[in-house]
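> Here's a sequence, model it:
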Amino acid sequence: MKYSIRNELLVVFMTIMTGTILLCWFLNSSFLGKYYLQNKQQVLRKAYSNLNVAIREGSIQSDHFEYDLQRMCGIYNISVIVIDADSKLVQSAGNDSDIMMNYLLDRVFLDNTANYELIEKNENYIMEIAYGERNGMTYIEMWGTLENGNLFMTRSVVESIHESVQISNRFLAYVGILAALVSGGLILIITKRFTTPIMSLTEISKRMANLDFEVHYNGTEKNEIGVLGLHMNQLSDKLENTISELKTANNELQKDIEKKEQIDEMRKEFLSNVSHELKTPIALIMGYAEGLKEEINQDPESRDFYCDVIMDEANKMNIMVKKLLTLNQLEFGNDVVSMERFDIRELIANYISSADILIKQSEAKVIFEETESCFVWGDEFKVEEVFTNYFSNALNHVKNEKEVIISFDRKEDTVRIVVFNTGDPIPEESLPHLYEKFYKVDKARTREYGGSGVGLSIVKAIMDSMHQEYGVINRSDGVEFWFELPVK
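Got it, this is the predicted structure:
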């Protein structure tokens, strides 16, 4: 990702660390030498103080003091010399005691200040920076008189200070580069622990933006990221419920707008169609009932036939009335459409399993090869009614290879459920009227299996109530009925 938090943290960390190293290097270069020089001054004062203590205690020429003085000079890289009034050596430590003796006498008696830079001066000693003419070396020196009147001099080479500063800076640079590389690697590893769940939450939010609420955050963190994941899961559930309620409310609102305009027309059409459809079975029932009453046929077989006709027609009327009541409720909007998200593949698979007896009776081969879940929005019970009508219609009209094929055509926002059966195509002039109430293509065959011409009207009413598309297509080897449902 171009603007990854992980990369930003790495850049910020490396910038701060590099700045810190550069600041340390600048401070070393600017102030370490001065600090080192001040430390040397304290060492020279300490040596002066130790010499006075030894004089007071009378131990300045003792082996013990000489050992301590040599040790001090070795530790702090200084040289010390003490001479008496007769210019005789009393005590020395460090290097070049003869040279220092001559040098001290020159400083006392010649008082040459051309190559010296004064640091401190009092009645007992002078501290200064000396620039050697012969060897080009620079020293920090302290010389003067002790409490007993002896002359003394302590000094240290200043070049060692500069060299130490340079060594310190080089070491700081090497350590800084190594620390930056190691720390950069560690920060990448450590930040991955935090950015991985953040990326997971980002992907979840992206899918939620596309109205996919199936995904949930499964992290186990107890920190702020874990709390954020928990809240996103709760938000996902609430959004799904809210969208479900909004879709339901939206469908109800659209139906209310259309309801008043449709009521009068539907009432007139309903009464006309019912009268027409009930006329034939009522006439048959009345005719055969009068025949029984007048005892037109005396034999038991004829009477049984008359009774069977009456019962069959009455049953057809009963089925038609039930379907008409269902259709009436749908068209008048008395049956609330509850929009919810469900797996259409599971619904179809369950129905096919329960319709096994009907399939065997029709000797049809049902093919349904969808294995992946397909979640859609709709009224689950009404969608099942749509599929049931399509499937029953396919079983009643299947011929030739006797195959019923159910398939899905997935699109970006919808899925088309297709129910195909091999057999004769529907006449082209009948296609526009298939979903009209009581319309029958082949009235004789429809009557043979008990069709009322209302099933596809129920399909139309259900699909219109959910504001979704549906239709029928003639194929070269059969007929394909379809309906669509939204996936978002």
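> switch to C-alpha atoms for all contacts and neighbour counts from now on
Fine.
> Per-residue pLDDT of Val472, please?
pLDDT for Val472: 94.
> what's the burial count for it?
18 (other CA atoms under 10 Å).
> Would you enumerate the residues in contact with it?
Shown in contact with Val472 (CA atoms under 8 Å, 6 or more residues apart in numbering): Leu431, Val479, Glu480, Phe481, Trp482.
> now the residues you listed: which count as buried?
Neighbour counting with 16 or more other CA atoms under 10 Å marks Val479, Glu480, Phe481, Trp482 as buried within the contacts of Val472.
> about what we covered before: which ones among the contacts of Val472 lie within helices?
Per DSSP state H, helices hold no members of the contacts of Val472.
> Redo those as JSON lines? Include distance to Glu245 and pLDDT.
Compiled in JSON lines, those are given as follows (distance: CA to CA, whole Å; pLDDT from 0 to 100):
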{"residue": "Leu431", "distance to Glu245": "36", "pLDDT": "88"}
{"residue": "Val479", "distance to Glu245": "37", "pLDDT": "95"}
{"residue": "Glu480", "distance to Glu245": "33", "pLDDT": "95"}
{"residue": "Phe481", "distance to Glu245": "30", "pLDDT": "96"}
{"residue": "Trp482", "distance to Glu245": "27", "pLDDT": "95"}
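> Tell me the one of the buried ones among the contacts of Val472 nearest Ser205?
Comparing those against Ser205 with CA to CA places Trp482 closest, at 33.8 Å.
> My guess is that closest one contacts Asn421. True?
No: contact status for Trp482 versus Asn421: not in contact, 11.7 Å apart, counting by CA atoms under 8 Å.
> Common neighbours of those two, please.
By CA under 8 Å, 6+ apart, no residue touches both Trp482 and Asn421.
> any idea which helix or strand comes after the helix or strand containing Val82?
Using DSSP states H and E, Val82 sits in strand 79-83. Using DSSP H and E, the helix or strand that follows strand 79-83 towards the C-terminus is strand 89-93.
> Let's see the pLDDT reported for Met463.
As predicted, Met463 sits at a pLDDT of 90.
> Oops, could you answer that again for Asn421 instead?
Asn421 carries a pLDDT value of 95.
> Got phi/psi on it?
phi -130, psi 140 (degrees, to the nearest 10).
> Look up how far Gly19 lies from it.
77 Å (CA to CA, to the nearest Å).
> Then Leu485?
The value you get for Leu485 to Gly19, if CA to CA is used, is 61 Å.
> Which one of these two is surrounded by more residues?
A count of neighbours by other CA under 10 Å puts Leu485 above the other of Leu485 and Gly19, at 22 against 12.
> wait, which of the buried ones among the contacts of Val472 is closest to Lys411?
Trp482 (14.1 Å).
> who's in contact with the closest one?
Arg416, Ile417, Val418, Val419, Tyr470, Gly471, Val472.
> and with 6 Å instead?
Going by CA atoms under 6 Å, 6 or more residues apart in numbering, Trp482 touches Ile417, Val418, Tyr470, Gly471.
> Would you mind confirming that the third one makes contact with Phe483?
Translated: Tyr470. Yes: the pair Tyr470 / Phe483 is scored as a contact, 4.0 Å apart, by CA atoms under 6 Å.
> Counting neighbours, go ahead and name the busier of those two.
The residue with more neighbours, out of Tyr470 and Phe483, is Phe483; 21 against 17, by other CA under 10 Å.
> In this structure the more buried one contacts Gln468, no?
No: if you go by CA under 6 Å, Phe483 and Gln468 don't touch, sitting 7.6 Å apart.
> rewinding a little: now distance to Asp343 too, for the buried ones among the contacts of Val472, in TSV please.
Shown next, in TSV, are the buried ones among the contacts of Val472 (distance: CA to CA, whole Å):
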residue	distance to Asp343
Val479	25
Glu480	22
Phe481	20
Trp482	17
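> about what we covered before: just the buried members of the contacts of Trp482?
By 16+ other CA under 10 Å, the contacts of Trp482 give Ile417, Val418, Tyr470, Gly471 as buried.
> So which of these are in strands?
Assigned to strands by DSSP state E, the following of the buried ones among the contacts of Trp482 qualify: Ile417, Val418, Tyr470, Gly471.
> Report the two of these separated the most.
Longest span within those, CA to CA: Ile417 and Gly471, 10.7 Å.
> neighbours of Phe152, just the number please.
Phe152: 26 surrounding residues under other CA under 10 Å.
> Doesn't it belong to a strand?
Yes: under DSSP: H, G, I helix; E, B strand; the rest coil, Phe152 falls within a strand.
> Just grab the bridge partners of the nearest residue to it once chain neighbours are set aside for me.
The shortest distance from Phe152 to any non-neighbouring residue, by CA to CA, 6 or more residues apart in numbering, is to Val82 (4.3 Å). Following DSSP bridges, Val82 is listed with bridge partners Gln91, Phe152.
> Count the neighbours of Val82 for me.
26.
> Go ahead and confirm it touches Ala93.
No: Val82 is beyond contact range of Ala93, at 9.3 Å (criterion: CA under 6 Å).
> Mind listing what's buried along the helix or strand hosting Gln361?
Assessed by DSSP H and E, Gln361 sits inside helix 356-362. By 16+ other CA under 10 Å, the buried positions in helix 356-362 come out as Ile359.
> So what's the gap between that helix and the chain middle?
49 Å (CA atoms, centre = their mean, to the nearest Å).
> and what of stretch 168-186?
35 Å.
> pLDDT on it, on average?
79.
> just to revisit the earlier point, next step: the contacts of Val472 restricted to strands.
Reading strands off those with DSSP E, I get Val479, Glu480, Phe481, Trp482.
> What are the boundaries of the helices in the stretch 351-488 of the chain?
Using DSSP state H, counting those that start in this stretch, the helices of the stretch 351-488 of the chain run over 356-362, 380-397, 443-448, 455-465.
> The second one vs helix 455-465, what angle?
Compare the direction of helix 380-397 with that of helix 455-465 by axes from the mean of the first three to the mean of the last three CA atoms, to 10 degrees and you get 150 degrees.
> Residues in contact with helix 380-397: which ones?
Asn421, Gly455, Val459.
> buried set for that helix?
For helix 380-397, burial by neighbour count (16+ other CA under 10 Å) applies to 380, 382-383, 385-391, 393-397.
> just the last one next, same as before
Using 16+ other CA under 10 Å as the burial criterion, the residues of helix 455-465 that qualify are Gly455, Leu456, Ser457, Ile458, Val459, Lys460, Ala461, Ile462, Met463, Ser465.
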